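Student: got a structure for you, letters missing:
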């Protein structure tokens, strides 16, 4: 199969018009150019589920060491130790292991009462109003409280941290990320120094004192720089993507009121509905890899040294894996979605995101079984790394 290079079919990951509804372009890519090359930004892309899965898991061909963000790969950035999501084994194995035990499904289930309390505290003041904003009033609030609790950030400082994270990934409409230094920002530095002197039962304290065997066989603790990187990653991922998931719950269920009413009648369907939301509107629509060896896809070749964009949003709508993929269905049999990645880089926060999404939807539906979106006030966020709503005002009867 020939790599598609004509202008007839164009996929620009920074195009706000495409981002508003990328699925028609994704379908065309799957059908007409499943191995696609973008000349303007010099990257290859795969769009079918099987090929996206390969790009995520075959580390002998596709590396994370230059990150999973297209702009970072194209800039040839080098990252300091501790950014385990931007590492391959053996570094990745050693660094990921330090936090993987914190985000197990069992440990996430144990914090459900606190998550529910944060959610109730956020929603109760909204009862009796003519409407609220799914993102600003809920999606931007509850995840901030949860990840702040896990890290040990005082509540009075959590909003400032969240605003920093939001600003660090925001882009001008139609443009790639221009500031590639924000990941290493020192917004958490003072908290780390404080926790070193005042330990508590939180993840930041655990990272400060945890001993591990690094790739050289040395048993040691993390450096301050490594801890800072860990906390930046966890804080950013814990705030941003879950906020987008909650926003999509508001929009998709407004567009499908019969299914929303089905969830209100039978809350036991909500966990499955969260899986379907994650498939139907993934907060992270694409993941990049750096190609370290020539890779064959569908009869075409991606030469070593290139960037490969794995279009997760397209893979999740691939009719080869999901029947009627453009139909949102809370009764769909779950499985096969690639929203959280695949293989050794499967998202550490998956259990937490699922928990927060489920609790948020349960608590919303108890208080607000009906809502409609104020389309004039709704606004998609401008960013090339995640896709979701910046504001999503809804009206309630």
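Tutor: Happy to help now that I have it. None of the values given here were measured: they were computed from a predicted structure.

Student: What segments of the stretch 1-150 of the chain are strands?
Tutor: Under the criterion DSSP state E, counting those that start in this stretch, the stretch 1-150 of the chain contains strands at 35-38, 43-46, 62-63, 131-133.

Student: Turn these into a markdown table, including mean neighbour count.
Tutor: Using the backbone N, CA and C atoms, a C-beta is placed for each residue, glycine as well. Shown next, in a markdown table, are the strands of the stretch 1-150 of the chain (neighbours: other C-beta atoms under 10 Å):
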| stretch | mean neighbour count |
| --- | --- |
| strand 35-38 | 21 |
| strand 43-46 | 26 |
| strand 62-63 | 20 |
| strand 131-133 | 21 |
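
Student: got these as CSV, with distance to residue 92 and mean pLDDT columns?
Tutor: CSV is the format used below for those (distance: least, C-beta to C-beta, whole Å; pLDDT from 0 to 100):
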stretch, distance to residue 92, mean pLDDT
strand 35-38, 27, 97
strand 43-46, 22, 98
strand 62-63, 10, 94
strand 131-133, 38, 97
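
Student: out of the ones you listed, which comes closest to residue 221?
Tutor: strand 62-63 (27.2 Å; C-beta to C-beta).

Student: Any figure for the gap between residue 139 and residue 119?
Tutor: Noted for residue 139: a distance of 11 Å to residue 119, by C-beta to C-beta, to the nearest Å.

Student: what mean pLDDT does stretch 211-228 have?
Tutor: The average pLDDT for stretch 211-228 rounds to 85.

Student: try stretch 238-250
Tutor: Per-residue scores along stretch 238-250 average to 91.

Student: Show me how far it is from its chain's centre.
Tutor: 9 Å (C-alpha atoms, centre = their mean, to the nearest Å).

Student: ok, residues contacting it?
Tutor: 134-135, 138-140, 142-144, 146-147, 150, 161-162, 165-166, 169, 274, 277-278, 280-281, 283-284, 349, 352-353, 356-357, 360-361, 364, 371, 373, 381, 386-389, 392, 394 (C-beta atoms under 8 Å, 6 or more residues apart in numbering).

Student: circling back: if you count what's nearby, which of residue 139 and residue 119 comes out ahead?
Tutor: Neighbour comparison, residue 139 and residue 119: the larger count goes to residue 139, with 29 against 23 (by other C-beta atoms under 10 Å).

Student: so how far is residue 46 from the more buried one?
Tutor: 30 Å.

Student: number of nearby residues for residue 109?
Tutor: Residue 109: 11 surrounding residues under other C-beta under 10 Å.

Student: ok, it - contacts?
Tutor: Neighbouring residues of residue 109 by C-beta under 8 Å, 6+ apart: residue 355.

Student: Residue 55 too?
Tutor: Residue 55 neighbours (C-beta under 8 Å, 6+ apart): 46, 62, 287, 289, 308, 310.
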